[in-house]
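K.L.:
let's see this in three dimensions:
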Amino acid sequence: MTQSSQTNNTLAPLRNVLAFRTMLQRLDDRSAGLAGMGCFYGPAGFGKTMASIYCANQRGACLVQCESTWTVKTLCHVILEELGIKPARTTPEMSRQIQQALAMENIPLIVDEADFLVTKKSVEILRDIYEKSGVPVILVGEEALPAKLRRWERIHSRMLERVAAEPLDDEDFGHLKRIRCGDIELSGELEAAIKTASRGSARLMVNNLDTARQRARVLGKDRLALSDMGSVRMHDGTAPELRRFG
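P.N.:
Presented below is the predicted three-dimensional model:
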């Protein structure tokens, strides 16, 4: 496989992947004495998780995605499982295991859906891990995450980078189209409709491109126009209207 085709089939060129990778590199290369925490934030669907997974794999970082039911103990347990370490019995012991493992191998920690930790007032554990390990710790969450973190001054003051995920642009659309619909030609009118419906959301854009690919398969076409979509509804992030019967 050529270098060009490798690039076309990865998420590397997407603007939010590049932004996340640049932030992680900045934290990795920071000068002595600088804080080492970061925050990557933005609306749902902008590709934050996609970017964090890609960059975690490239850098060899430890990535965990929080859930609404998690406690601090659950978080520590999952991080240790991700690191391949048998968790100790208590939360303080597990925290020390994490700190030592991350520091020893210089492994950054990326915590997705960090809003759940903030809501449960459990986010201080991440500062503990950062302080004792010295590795970059990045929190990934929704648009309001940086504002929410102001309540925790000891975390807020340790943020070296706060990077906002941006809406996908035309270049991002072209790259995703090559990945998702590389064997199908889309008319300019259909491409414009997909961009409008997607509103810069990576999730909606991928859904709409996949819908177009499936429609082309059903029709047996390798070129698709907007009129070919018929009654197929574009993903635009809105719920269907309430139906009324009788």
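K.L.:
what packs against the strand or helix carrying Ile179?
P.N.:
Using DSSP states H and E, Ile179 sits in helix 170-180. Counting contacts by 3 or more Cβ pairs under 8 Å, 6 or more residues apart in numbering; DSSP states H and E, helix 170-180 is packed against helix 3-8, helix 188-198, helix 202-219. For glycine as for every other residue, the C-beta is placed from the backbone atoms N, C-alpha and C.
K.L.:
recalculate using a threshold of 7 Å.
P.N.:
helix 202-219 (3 or more Cβ pairs under 7 Å, 6 or more residues apart in numbering; DSSP states H and E).
K.L.:
please enumerate residues in contact with the helix holding Ile179?
P.N.:
With contacts defined as Cβ atoms under 7 Å, 6 or more residues apart in numbering, helix 170-180 is touched by 8-9, 13-15, 186, 195, 205-206, 209-210, 213.
K.L.:
tell me which element the residue most central in space within the chain is part of?
P.N.:
A centroid search over the chain (Cα atoms, centre = their mean) returns Thr49, at 1.7 Å, as the residue closest to the centre. Assigning secondary structure by DSSP H and E places Thr49 in helix 48-59.
K.L.:
other SSEs contacting that helix?
P.N.:
helix 15-28, strand 62-65, strand 109-112.
K.L.:
next, the angle from that helix to helix 202-219.
P.N.:
100 degrees (axes from the mean of the first three to the mean of the last three Cα atoms, to 10 degrees).
K.L.:
what sits up against helix 48-59?
P.N.:
So helix 48-59 is contacted by 11, 16-17, 20-21, 24, 40, 42, 63, 108, 110, 112, 140, 165, 202 (Cβ under 7 Å, 6+ apart).
K.L.:
name whatever forms a beta bridge with Asp112.
P.N.:
The residues listed as beta-bridge partners of Asp112 by DSSP bridges are Gln65.
K.L.:
who's in contact with it?
P.N.:
49, 52, 63, 65-66, 140.
K.L.:
do Glu185 as well
P.N.:
By Cβ under 7 Å, 6+ apart, Glu185 lies in contact with 222-223.
K.L.:
equivalent analysis for Ala225, please.
P.N.:
Ala225 neighbours (Cβ under 7 Å, 6+ apart): 187, 189-190.
K.L.:
by neighbours, which of these wins?
P.N.:
Leu190 (21 neighbours; other Cβ atoms under 10 Å).
K.L.:
tally of neighbours for Arg203?
P.N.:
A total of 17 residues lie near Arg203 under the criterion other Cβ under 10 Å.
K.L.:
what is the most widely separated pair among the contacts of helix 170-180?
P.N.:
Largest separation among these by Cβ to Cβ: Arg15 and Arg213, giving 22.9 Å.
K.L.:
hmm, back to that, which of the helices and strands packed on helix 48-59 sits most buried?
P.N.:
strand 109-112 (a mean of 23; mean count of other Cβ atoms under 10 Å).
K.L.:
now it: mean pLDDT?
P.N.:
Here strand 109-112 scores 98 as its mean pLDDT.
K.L.:
what are the C-alpha coordinates of that strand, in PDB please?
P.N.:
Coordinates of each C-alpha in strand 109-112 appear next as PDB, following Å, rounded to 0.1, in the frame of the first residue of the first chain:
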ATOM      1  CA  LEU A 109      -3.700   9.300  30.600                       C
ATOM      2  CA  ILE A 110      -6.700  10.300  28.500                       C
ATOM      3  CA  VAL A 111     -10.100  10.300  30.200                       C
ATOM      4  CA  ASP A 112     -13.100  10.600  27.800                       C
END
